[in-house]
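>>> model this:
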Amino acid sequence: MKVLLDTHTLLWATLSVSTLSKRAAHVIANRSNEIFVSAASAWEVATKVRLGKLPHAVLFEREFLVKVDEAGYTLLPITAAHALRAGRLIGDHRDPFDRMIAAQALAEDIPILSIDKSLDSFGITRIW
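Prediction:
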């Protein structure tokens, strides 16, 4: 199974595993699954660390690429097609990071591992 981690899921999987649902933890722990992390999550973590909104993630932000690689996750770059799709998504959800992750999930036809029910408005498949 392929899944795309929402940013909070990535942070919880790295910094606070007990916060994950049992299902999410099982999906991430199953080595036969391919776990993707969006480049948008790197952008979101760096932005929120800079703004002081994620003080507990300063070290993670500094070592983002190493931590993602060590976890065995696959980075999903943002393409122009993803950007266009994110910009065209219908809905009131204004968070640019969530819009990009939803657009990537739709374009790549993979579910998002997320607690965030507001993503459902984009027509994505969400697992939690």
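
>>> where does this protein have low pLDDT?
Within the chain, no range satisfies pLDDT under 70.

>>> which stretches of it form helices?
In the chain, the segments counted as helices under DSSP state H are 7-15, 22-29, 39-50, 58-62, 64-70, 80-88, 96-108.

>>> contacts for stretch 101-115?
Applying C-beta atoms under 8 Å, 6 or more residues apart in numbering, the contact partners of stretch 101-115 are 2-9, 21, 24, 27-28, 35-36, 38, 40-41, 76, 78, 81-83, 85-86, 89, 93, 119, 122-128. For the C-beta atoms, the positions are set from N, CA and C on the backbone; glycine is no exception.

>>> related to what we said a few turns ago, just put the helices of the chain in JSON lines and tack on mean neighbour count and distance to residue 115.
Listed next are the helices of the chain as JSON lines, based on neighbours: other C-beta atoms under 10 Å; distance: least, C-beta to C-beta, whole Å:
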{"stretch": "helix 7-15", "mean neighbour count": "21", "distance to residue 115": "7"}
{"stretch": "helix 22-29", "mean neighbour count": "15", "distance to residue 115": "8"}
{"stretch": "helix 39-50", "mean neighbour count": "18", "distance to residue 115": "15"}
{"stretch": "helix 58-62", "mean neighbour count": "14", "distance to residue 115": "19"}
{"stretch": "helix 64-70", "mean neighbour count": "15", "distance to residue 115": "20"}
{"stretch": "helix 80-88", "mean neighbour count": "14", "distance to residue 115": "21"}
{"stretch": "helix 96-108", "mean neighbour count": "22", "distance to residue 115": "12"}
